[in-house]
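*Asks:* fold the following and give me the result.
(4 chains)
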Number of protein chains: 4
Amino acid sequence: MNSIRRLEEIFAHFPGIGPRQARRFVYYLLGRSPAAVKELVELIQEVKSSTAECQVCHRFFTGNEQADKTPTCNICADASRDHSILMVVARDSDFEIVEKSGAFKGLYFILGGTVPILDKEPEKRIRLKALLQRIDADKPAEVILSLNATPDGENTADLVKNSIKGTKVTILGRGLSTGAELEYVDSDTIKNALQNRR
Amino acid sequence: MNSIRRLEEIFAHFPGIGPRQARRFVYYLLGRSPAAVKELVELIQEVKSSTAECQVCHRFFTGNEQADKTPTCNICADASRDHSILMVVARDSDFEIVEKSGAFKGLYFILGGTVPILDKEPEKRIRLKALLQRIDADKPAEVILSLNATPDGENTADLVKNSIKGTKVTILGRGLSTGAELEYVDSDTIKNALQNRR
Amino acid sequence: MNSIRRLEEIFAHFPGIGPRQARRFVYYLLGRSPAAVKELVELIQEVKSSTAECQVCHRFFTGNEQADKTPTCNICADASRDHSILMVVARDSDFEIVEKSGAFKGLYFILGGTVPILDKEPEKRIRLKALLQRIDADKPAEVILSLNATPDGENTADLVKNSIKGTKVTILGRGLSTGAELEYVDSDTIKNALQNRR
Amino acid sequence: MNSIRRLEEIFAHFPGIGPRQARRFVYYLLGRSPAAVKELVELIQEVKSSTAECQVCHRFFTGNEQADKTPTCNICADASRDHSILMVVARDSDFEIVEKSGAFKGLYFILGGTVPILDKEPEKRIRLKALLQRIDADKPAEVILSLNATPDGENTADLVKNSIKGTKVTILGRGLSTGAELEYVDSDTIKNALQNRR
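*Replies:* Residues are numbered from 1 along each chain as shown, chains lettered A, B, ... in the order given. I've put the predicted structure just below:
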């Protein structure tokens, strides 16, 4: 296979990208100036080399020197945050959404994914063992499971909750999401929204 | 205008229907048997004549004899329901969703719509005066505002809440709707879901 | 079943309408004035009674007196049109599109549908026998098959074409439809567009 | 700005990519193995360096040695193709679609874009001058304009056609694209499909 086809193939594995758009990416790059392509290539290399997985919360973070030596991210190392509450999220993108909301000032743990219903090897999909070790070591007062309100998310929450012993575990409240219309909402959401009325 | 064009025009005013689908409706009816069209026409007439607006909750209800004499619907007349809680919804379809959830056993009031932000004559859009009179007469222990979590719904909730004096008013709880994914949820929903965690 | 549920059910059989929208239709009608509902009902009845299926081309047409006596539509009866060319379309809506284009001045025949591939009883889906009788009687110089460029349309065109003996049969030209982009077009369309270049 | 944000920004300029998907791309790369990211970076560099713009047809092509010395692509250099017919397309992706159809065996010219209606400097958008020089030099028997059947494509076709003197110029035939349904087709397409009937 020539390199154009191989590059198309790689782009086609990018999240949400099909073969046609992958091809457009290649032509887009061909049409860009050599300087622009050089910047892209260098940024990919830089982001990859300057980013480390935090050994405490497992999220990716940037920080040149620190990343090489003690891979602890700025949030895990921040003494001003509430170390007594640990929020478990599935992915880095979920962490970002919560952090951006400004509503949470505790620490995080990135599970690394979710576990589909009936999956037989959940430990291959999520960092359950590492989470339990962290809870054991840090003894947080509360673990908040911030997982999607989807079948996979709920299955993962059940599984994680049942694995944690002797620590308070909460899950995100259910109700009407911003923008939700009653007409398109299911009975469970109605029930939860009624219970959580204020 | 001939009658086909006029009928198309009427169908084009049905909710969610454009001119092309309105035309399809006409051809659909032309292709139906005379008996089928007769049934449709008779049902429309029957539904319209046998349905009354309940004078207490303002929802449409069916009930041949009763409808003519004392227009009170079966829910408002049901002594086994909790008459101390009044739920306010915007439309009949919202009432149906809540009732179908089985999560609520009190009484209802149909506002008849919502009030867009900056609207200058809210009393033309919703039955605010009738609601206040009903609260005044029935003195419920709690009024639940079950409105959409949309700008219009929130504006309407604010307006209604500010108009009710001396009675406890609650609104539906916010949080993750069933199916919600963190990645597509706004900061307010995150905040509310965190506050309502359980 | 009460009449509201039955009416919802009937609306849910309208083309493109699901149960939720059918319910909205019912509430929409309940919220309309009695006069508006009366107009709708009368128009449905009038359209149905004043519309006849032309016994020559089989399309539905309006025309009070004429409809009752000699059910021949205004186009079939129009001596100024070119009676030597017969266009076969699947449905009344296709006839309308062609007629609106102003590009055709001959006569029409409504097949009444299309025949899916591998369908075993095509005569139950389209008026093939009536078409052959009409061709036999009128002896047009050309029969144009104006069917969709879809698998069903092409299958129907093949079937009809093979059934017509001794008369010139043409099908609509293939190429780029208005708005078509090369990037989203299949190889057959490219080939046809190249052959039909001008 | 840190390098992650800058990389997100660059991905957000890829065709069809918004900020959210750009961020996903970054996390996708962070989650890939160093070897996989290295392959991507090397392929981008290789594709960029081994690809040249053919100086005859202006399309991008791969061909290590040849690319450096005489930048003429394999199609332009292929004596077995019909050098008397020149097809003009807007972009490399259009060339690929036509070539994949197998319907054309002549030569190509990539315009480099299209000209929107009322655009005042078309020469900045398309290689019109280079096209006219090529026609002048090669004297093809026919120039086929294979442009989208969109307003921009038609405007560009008009503009190019009017600029070419003394050479036969054709455009792709109009009609029903594969999959087209009469009901969703405009009057021009109907007219053209009727004229091109066969």
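
*Asks:* quick check: residues of chain A near chain D?
*Replies:* Neighbours of chain D within chain A, by C-beta under 8 Å from any C-beta of the partner chain: A:2-4, A:6-7, A:10, A:14-16, A:21, A:23-30, A:34, A:37, A:39-41, A:43-48, A:50-51, A:60, A:62, A:91-93, A:96. From N, CA and C alone the C-beta is placed, and that goes for glycine too.

*Asks:* is stretch A:23-33 up against chain C anywhere?
*Replies:* No - Stretch A:23-33 stays clear of chain C (C-beta under 8 Å from any C-beta), getting no nearer than 8.9 Å.

*Asks:* just the CA trace of that stretch, in PDB.
*Replies:* These are the backbone C-alpha positions of stretch A:23-33, laid out as PDB (Å, rounded to 0.1, in the frame of the first residue of the first chain):
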ATOM      1  CA  ARG A  23      -9.300  11.100   2.300                       C
ATOM      2  CA  ARG A  24     -10.300  14.800   2.600                       C
ATOM      3  CA  PHE A  25      -7.900  15.100   5.500                       C
ATOM      4  CA  VAL A  26      -5.100  13.800   3.300                       C
ATOM      5  CA  TYR A  27      -5.900  16.300   0.500                       C
ATOM      6  CA  TYR A  28      -6.300  19.000   3.100                       C
ATOM      7  CA  LEU A  29      -2.700  18.300   4.300                       C
ATOM      8  CA  LEU A  30      -1.400  18.100   0.700                       C
ATOM      9  CA  GLY A  31      -2.900  21.500   0.100                       C
ATOM     10  CA  ARG A  32      -1.400  23.100   3.200                       C
ATOM     11  CA  SER A  33       2.000  24.900   3.200                       C
END
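
*Asks:* and that stretch, how far out from the chain middle?
*Replies:* 30 Å (C-alpha atoms, centre = their mean, to the nearest Å).

*Asks:* can you tell me what sits against that stretch?
*Replies:* Applying C-beta atoms under 8 Å, 6 or more residues apart in numbering or on different chains, the set of residues contacting stretch A:23-33 from outside is A:4, A:7-8, A:11, A:17, A:37, A:40, D:14-16, D:44, D:47-48, D:51, D:60, D:91-93, D:96.

*Asks:* tell me which parts of chain A are close to chain C?
*Replies:* Within chain A, the residues that sit near chain C (C-beta under 8 Å from any C-beta) are A:20, A:183.

*Asks:* need the strands for chain A, in chain order.
*Replies:* A:51-53, A:60-62, A:82-89, A:106-110, A:142-146, A:168-171 (DSSP state E).

*Asks:* in the longest one, what counts as buried?
*Replies:* Residues of strand A:82-89 classed as buried under the neighbour-count rule (16 or more other C-beta atoms under 10 Å in any protein chain shown) are A:85-89.

*Asks:* for chain A, name the helix or strand with the lowest mean pLDDT.
*Replies:* helix A:64-68 (a mean of 50; mean pLDDT, DSSP states H and E).

*Asks:* how about the nearest residue to residue A:180, chain neighbours excluded?
*Replies:* Using C-beta to C-beta, 6 or more residues apart in numbering or on different chains and skipping residues adjacent in sequence, the residue nearest residue A:180 is residue B:149, 4.5 Å away.

*Asks:* so who does the most centrally placed residue in chain A touch?
*Replies:* The centroid of chain A falls nearest to residue A:91 when counting by C-alpha atoms, centre = their mean (1.2 Å). With C-beta under 8 Å, 6+ apart as the criterion, the residues that contact residue A:91 are A:110-113, D:27.

*Asks:* for residue A:20, same thing?
*Replies:* Neighbours of residue A:20 in contact, by C-beta under 8 Å, 6+ apart: residue C:183.

*Asks:* where in chain A is pLDDT low?
*Replies:* The model of chain A has pLDDT under 70 over residues A:1, A:63-70.

*Asks:* remind me, longest helix of chain A?
*Replies:* What stands out as the longest helix in chain A, according to DSSP state H, is helix A:34-50.

*Asks:* and that one, what's buried?
*Replies:* Neighbour counts over helix A:34-50 (16+ other C-beta under 10 Å) mark A:37, A:40-41, A:43-44, A:46-48, A:50 as buried.

*Asks:* then stretch A:186-198?
*Replies:* A:189-194, A:196-197.

*Asks:* between those residues, which is nearest residue D:162?
*Replies:* Using C-beta to C-beta, residue A:189 comes nearest to residue D:162 of the buried residues of stretch A:186-198, at 61.4 Å.

*Asks:* so that closest one sits against residue A:180, correct?
*Replies:* Yes - counting by C-beta atoms under 8 Å, residue A:189 touches residue A:180, with 7.4 Å between them.

*Asks:* for chain A, what spans make up the helices?
*Replies:* For chain A, helices defined by DSSP H occupy the ranges A:3-11, A:19-31, A:34-50, A:64-68, A:92-101, A:128-138, A:151-163, A:187-195.

*Asks:* between the buried residues of helix A:34-50, which sits nearest residue C:144?
*Replies:* residue A:37 (53.7 Å).

*Asks:* that closest one against residue D:48, yeah?
*Replies:* Yes - Residue A:37 is in contact with residue D:48 according to C-beta under 8 Å; the separation is 5.1 Å.

*Asks:* residues contacting residue A:47?
*Replies:* Residue A:47 touches A:62, D:3-4, D:7, D:26, D:29-30, counting by C-beta under 8 Å, 6+ apart.

*Asks:* would you point out the most distant pair within those residues?
*Replies:* Greatest spatial distance among the contacts of residue A:47 (C-beta to C-beta): A:62 and D:29, at 13.0 Å.
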